[in-house]
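K.L.:
Dropping the sequence and predicted coords here.
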Amino acid sequence: MSLVFGVTIAYIYIYPNRVYGLKKGTRMQDKAMAMVWASFAADTLALGAHWIYSIKRIARDFGRIETFRDPVPQSYHAAKHRGDFTHYGDQAFVLLESLAARGGFDPQDFSRRWQALFKGYTGYFDQATKSTLENLASGTPFLEAGSTSNDLAGAAMIAPLAYRLRDEEDRMAEAARTLTTLTHNDTLTVDAAEFFARVSFRVLHGARPVHAVHTVIEAFFKGTPIEAWTHKGLMDSSDESPEVIKTFGQDCHSPDAFPSVIHLISRYEDDLKEALVQNVMSGGDSAARGMAVGMVLGAHLGMPAIPENWIRDLNTAQAIQALLEQMP
């Protein structure tokens, strides 16, 4: 049985010499659109240096990464090119396609499209993807086939969903949980998806990010590991972000990556570009961290905060625009 969630809002936003979206617009709708663009751009910005753990090597080989780069030779993304997504962005794009085609969140449709993405896929297959595909191939129902991975990426690919359900907090949170279980059925990673959904909703509706983080923790995650990870990320530090994130852990796993997301959101609350640049310069799984940071700070700061070339140089920019236009 298909489950469909939806809203009925439309918008317009004029970016320098370009129009993204249609119909009647508000500032909140502009920020909702920025939430999607910034999350996708963060993934692409991370592509060149993704999963390089040496921050010294990144600084030496790339300099300050402010533009999209080709992956280094023999990287995990050798088949990708400047302006492409990592395998995380590819999955989020499939989600956007599904939302536009179905007019809302249909888990079964997303699962079908997600499986189709990986037939003949030339990008990287992470363990979460391999395990989920194996479970599906063995006949496990799609709602139960998600891997047990605790990689933060499972909670970070939700910006298109948050955009579609931007006026309905509880339905957004419920849908984010369902979406995450389809590929990453780890309890705390699913909780992280709900957390980011609720924070993004409140930021879209006027709260500052750090205030939204505190109120969501107080209302929904008091006494949980999510609260502990959040407090860790909010701790004051005089160190530069790459050193902070190296201390937290640069890897994919939610207990390490989640505090780094909170650190970046709080330290660069009013500077989306610097948050995403510092995220990439910090190494490791910068794509997953960046997608979550971009979603929250895009919701806060809107389209003007996103460098124009980050949109212009996305290889899927026209497709993203067209899909956003299909959704109210």
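P.N.:
Ah, there it is.

K.L.:
mind listing the strands in the stretch 1-150 of the chain by residue range?
P.N.:
Here the stretch 1-150 of the chain has its strands, by DSSP state E, counting those that start in this stretch, at 11-15, 18-22.

K.L.:
avg pLDDT for the last one?
P.N.:
Per-region confidence: strand 18-22 scores 39 on mean pLDDT.

K.L.:
what's the answer for the first one, then?
P.N.:
Throughout strand 11-15, pLDDT has a mean value of 38.

K.L.:
Kindly report the same for stretch 133-150.
P.N.:
Mean predicted lDDT for stretch 133-150 stands at 98.

K.L.:
And stretch 182-199, by the same measure?
P.N.:
Rounded mean pLDDT across stretch 182-199 is 98.

K.L.:
same check, this time on stretch 305-315
P.N.:
pLDDT averaged over stretch 305-315 gives 97.

K.L.:
Contacts for that stretch, please.
P.N.:
The contact list for stretch 305-315 (CB atoms under 8 Å, 6 or more residues apart in numbering) reads 15-16, 34, 37-38, 40-41, 44-45, 66-68, 81-84, 271-273, 297-298, 317, 320. (Each C-beta comes from the backbone N, C-alpha and C, glycine too.)

K.L.:
In helices, which of these appear?
P.N.:
34, 37-38, 40-41, 44-45, 272-273, 297-298, 317, 320 (DSSP state H).

K.L.:
Of those residues - the most surrounded one?
P.N.:
residue 38 (34 neighbours; other CB atoms under 10 Å).

K.L.:
Residue 53 versus that one, what's the distance?
P.N.:
25 Å (CB to CB, to the nearest Å).

K.L.:
Give me the below-cutoff pLDDT ranges for the stretch 1-150 of the chain.
P.N.:
1-26 (pLDDT under 70).

K.L.:
Helices of the stretch 201-328 of the chain, start to end?
P.N.:
Here the stretch 201-328 of the chain has its helices, by DSSP state H, counting those that start in this stretch, at 209-220, 225-234, 241-248, 254-267, 272-281, 286-301, 308-312, 317-326.

K.L.:
hey, C-alpha coordinates of the fourth one in PDB?
P.N.:
Output for helix 254-267, consisting of C-alpha atoms alone and laid out as PDB, is shown next (Å, rounded to 0.1, in the frame of the first residue of the first chain):
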ATOM      1  CA  SER A 254      26.100   9.200  13.500                       C
ATOM      2  CA  PRO A 255      27.700   9.300  17.100                       C
ATOM      3  CA  ASP A 256      30.700  11.000  15.500                       C
ATOM      4  CA  ALA A 257      29.200  13.000  12.600                       C
ATOM      5  CA  PHE A 258      26.200  14.400  14.400                       C
ATOM      6  CA  PRO A 259      28.100  16.600  16.900                       C
ATOM      7  CA  SER A 260      30.100  18.000  14.000                       C
ATOM      8  CA  VAL A 261      26.900  19.000  12.200                       C
ATOM      9  CA  ILE A 262      25.800  20.900  15.300                       C
ATOM     10  CA  HIS A 263      29.200  22.500  15.700                       C
ATOM     11  CA  LEU A 264      29.000  23.800  12.100                       C
ATOM     12  CA  ILE A 265      25.400  25.100  12.400                       C
ATOM     13  CA  SER A 266      26.200  26.900  15.600                       C
ATOM     14  CA  ARG A 267      29.600  28.300  14.800                       C
END
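
K.L.:
Show me what that helix is packed up against.
P.N.:
Secondary-structure packing of helix 254-267 (3 or more CB pairs under 8 Å, 6 or more residues apart in numbering; DSSP states H and E): helix 187-204, helix 209-220, helix 225-234, helix 241-248, helix 272-281, helix 286-301.

K.L.:
same question, the second one
P.N.:
Other helices and strands packing on helix 225-234, by 3+ CB pairs under 8 Å, 6+ apart, are helix 187-204, helix 209-220, helix 254-267.

K.L.:
now, among the ones in helices among the contacts of stretch 305-315, which is nearest to residue 186?
P.N.:
Top of the list for closeness to residue 186, among the ones in helices among the contacts of stretch 305-315 and by CB to CB, is residue 40 at 24.1 Å.
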